[in-house]
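Q: coordinates for the following, if possible.
(2 chains)
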Protein chains: 2
Amino acid sequence: MEHIYSYHHLTEFTREVFIRMGCSLEHAMLASEVLVAADLRGIDSHGVARLSGYVRLWEAKRINARPNIRIVHETPSTAVVDGDAGLGLVVAPYAMEVAIKKAAVAGTGWVSVKNSNHFGIAGYHAMKALDHDMIGMAMTNASPLVAPTFAKERMLGTNPIAVAIPAKEQPAFVADFATTTAANGKLEILQRKNLEAPYGWIQDKEGNPSTNPHELKDGGALLPLGGDRDHGSHKGYCLGAIVDIFSAVLSGANYGPWAPPFVSFLPLAPDPVGEGLGHFFGAMRVDAFRPAEEFKTHMDTWISRFRAAVPVEGKQVLIPGDPEREMQQHRLQNGIPVLAPVVKDMQEVAAKFKLNF
Amino acid sequence: MEHIYSYHHLTEFTREVFIRMGCSLEHAMLASEVLVAADLRGIDSHGVARLSGYVRLWEAKRINARPNIRIVHETPSTAVVDGDAGLGLVVAPYAMEVAIKKAAVAGTGWVSVKNSNHFGIAGYHAMKALDHDMIGMAMTNASPLVAPTFAKERMLGTNPIAVAIPAKEQPAFVADFATTTAANGKLEILQRKNLEAPYGWIQDKEGNPSTNPHELKDGGALLPLGGDRDHGSHKGYCLGAIVDIFSAVLSGANYGPWAPPFVSFLPLAPDPVGEGLGHFFGAMRVDAFRPAEEFKTHMDTWISRFRAAVPVEGKQVLIPGDPEREMQQHRLQNGIPVLAPVVKDMQEVAAKFKLNF
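A: Just a heads-up that it's a prediction; the model follows:
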């Protein structure tokens, strides 16, 4: 039920699609690299599976293929970037680059972005800081699918947070997670396979816990990390809210239930409170705190000590980023499996632009 | 089973205790204000209930009553502060002040702290930014009580995160939460009452889920937010790890299982990887992103929209900080209840220093 494609093939194809949408060669190359990074790292819901979605948003004139991305406000350590309705896949790398440049001078750099669109996986952007011996951070708000604790209503997106921290000999620490119990992509897998979800992932339209993965189509909602009040869902709600505010209230994007939907068949909110979707990026030079070699040596100690933590029988303690890095190595060598419905989707995109897939 | 004391009485008494420990009047006043802020806001585990613990740490010469708190490294937007083994209750306000001053000039300020001790509630420090129209952040590492996903071993503290965000007419958004399913204070309440804990809060020494609140005394551990792998405990583990690294690896404090215990009867790690406990503080001027009035007006919209989210029957959606603010108003007027064992503790401290309580 799946086909294997090489990384090279998927990036080439998506690059051609972005070029046909009218993107510059530079933007198309960047956007395809960011998009397929998701497939490479095993976050299949955020990779080529979304390509047709981007195309439909462009057809609906919600994505501008030739954006004038620019800084609209700044201080020594901050900036606000206007994405001009461009692909988040190119707006985000621009903004992360600004954060890194600010950090080079001021020690840290913090960039809030408005007027953007879905930016792929947060981890890709956070990891850009690593080569500069900086800690990188990336977060974004997203289509409202999540009910705050005690609410029936969907008010927040899955609002992910990524933090990448450099080490010396050890591979970097890379956390990248939705602030919900389970990412929407995991639910989609259960929907496709018609399997039940664990309690604590979703609720029905009345706010009752449910195990039916199709609940979201019937007014249900994803739940914040924690799942219910007894298990700390108010903390997951806090995290999602902080991501929303840093990404959209600081920048002037749409926040909370006003965040624009990813799917083009849903209408935009009639009374927007800002422009497009919002993101937030950070970069901190580690030597703005202590010498970089010293910091990275201690990160090696941190990582090896945690990896050596006494495990539960039959398990092994992982360092954030381990599974994705291993998946990337495996898929670069062995190719990337793409599910049949996604292949069909890609073939339709190919036909639309007179390309082969 | 409890006595009611006025806020004034508790701060006066704790101030006198800190003076008898040898603190300056200025430090004693500040430390008592920070400590009793926990009782005022309803986080009883972090207030006067801990006073005798601070005294014992001082007796064990692990707290320096006359610290020379100072900046040891800085850039325009960052600093590292050495707490000189002082009370976290005075080291943290110093460091937060540095973050605020950096933000006034550079847009943001970020301070990592080493060689400190327990700093009270994170929310107190984050909220210091609000009067300056800044977003405040505070986090700290703590005694290892928490097992990472798939570990038997306690590697992290409850490592709280606080974020305070100013609004205009609405009260500020103030999130303040441990990165575990449940804070240790909540478990202590169950222990005292001999009640079972919900699944997902703790595990036994073999790493099996448990509902026995006494499990920690027998080699068990608290669990990261999420509770188990299916419910996203790896995300809670990521959050606790990020707090640990920002607080202690950036600054040069002890991290992970090396973090010093709060209780004086447990020995310090024989092979420390740093100095004392670590904290991390941040301040971001909101007008480093957009005009402050504009930002705060949108925060009012955010807050009132979320408060108006359609609730589950019989419930109401809360804004982070609501319960603590209401508790503070109530306790300022009606006094602060202190449990009998804590009163006994305080009376022993009083006797030690020839004071009345």
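
Q: what does the domain assignment say about chain A?
A: Annotated domains of chain A cover A:2-181+A:223-285, A:182-222 [the TED database].

Q: highest average neighbour count across these?
A: Counting by mean count of other Cβ atoms under 10 Å in any protein chain shown, domain A:2-181+A:223-285 has the highest mean neighbour count of those, with a mean of 23. C-beta coordinates here come from the backbone N, C-alpha and C atoms, glycine included.

Q: what about that one, average pLDDT?
A: For domain A:2-181+A:223-285, the mean pLDDT works out to 97.

Q: show me which residues of the stretch 1-150 of chain A are close to chain B?
A: A:73, A:75-78, A:80, A:105-108, A:110, A:112, A:147-150 (Cβ under 8 Å from any Cβ of the partner chain).

Q: please flag which of the residues you listed sit within helices.
A: A:105, A:106 (DSSP state H).

Q: any idea how far chain B is from the nearest residue to residue A:346 once chain neighbours are set aside?
A: With Cβ to Cβ, 6 or more residues apart in numbering or on different chains as the criterion, residue A:346 has its nearest non-adjacent residue at 4.8 Å, and that residue is residue A:357. From residue A:357 over to chain B the distance is 35 Å, taken as Cβ to the nearest Cβ, to the nearest Å.

Q: ok, what's across the strand from residue A:284?
A: Assessed by DSSP bridges, residue A:284 has beta-bridge partners residue A:108, residue A:135.

Q: one step back: need the pLDDT of the residue nearest to residue A:346.
A: For residue A:357, the predicted pLDDT is 91.

Q: count of neighbours near it?
A: Other residues near residue A:357 come to 21 when the count uses other Cβ atoms under 10 Å in any protein chain shown.

Q: ok, it touching residue A:348?
A: No: the criterion here is Cβ atoms under 8 Å, and residue A:357 misses it with residue A:348 at 9.2 Å.

Q: on that earlier part again, wait, what's in contact with the residue nearest to residue A:346?
A: A:13, A:343, A:346, A:347, A:349, A:350 (Cβ atoms under 8 Å, 6 or more residues apart in numbering or on different chains).

Q: repeat the analysis, applying 6 Å as the threshold.
A: A:13, A:346, A:347, A:350 (Cβ atoms under 6 Å, 6 or more residues apart in numbering or on different chains).

Q: again, but for residue A:321
A: Shown in contact with residue A:321 (Cβ under 6 Å, 6+ apart): residue A:174.

Q: please redo it, this time with the cut-off set to 7 Å
A: A:171, A:172, A:173, A:174 (Cβ atoms under 7 Å, 6 or more residues apart in numbering or on different chains).

Q: now the most centrally placed residue in chain A. Nearest residue, chain neighbours left out?
A: Using Cα atoms, centre = their mean, the residue of chain A that lies closest to the mean C-alpha position is residue A:121, 3.1 Å off. Ranked by Cβ to Cβ, 6+ apart and with sequence neighbours excluded, the top spatial neighbour of residue A:121 is residue A:38, at 4.6 Å.

Q: check for me that that neighbour belongs to a helix.
A: Yes: under DSSP: H, G, I helix; E, B strand; the rest coil, residue A:38 falls within a helix.

Q: ok, it - contacts?
A: A:46, A:47, A:120, A:121.

Q: circling back: among the domains of chain A, which is nearest residue B:88?
A: Closest of those to residue B:88 is domain A:2-181+A:223-285, at 22.3 Å (criterion: Cβ to Cβ).

Q: so residue A:93 versus chain B, what's the distance?
A: Residue A:93 is 20 Å from chain B, by Cβ to the nearest Cβ.

Q: mind listing what that residue touches?
A: A:30, A:34, A:125.

Q: check which helix or strand covers it.
A: helix A:88-106 (DSSP states H and E).

Q: quick one: mean pLDDT over stretch A:207-217.
A: So the average pLDDT for stretch A:207-217 ends up being 93.

Q: any idea how far the nearest residue to residue A:16 once chain neighbours are set aside is from chain B?
A: In space, and not counting its chain neighbours, residue A:16 is closest to residue A:355: 5.5 Å by Cβ to Cβ, 6+ apart. Residue A:355 sits at a distance of 38 Å from chain B (criterion: Cβ to the nearest Cβ).

Q: so how many other residues sit close to residue A:355?
A: Using other Cβ under 10 Å, residue A:355 is surrounded by 16 other residues.

Q: same thing with residue A:340?
A: Look at residue A:340: counted by other Cβ under 10 Å, it has 10 neighbours.

Q: report the contact partners of the residue lying farthest from the centre of chain A.
A: Distance from the C-alpha centroid of chain A peaks at residue A:313, with 32.9 Å (Cα atoms, centre = their mean). For residue A:313, the contact set (Cβ under 7 Å, 6+ apart) is empty.
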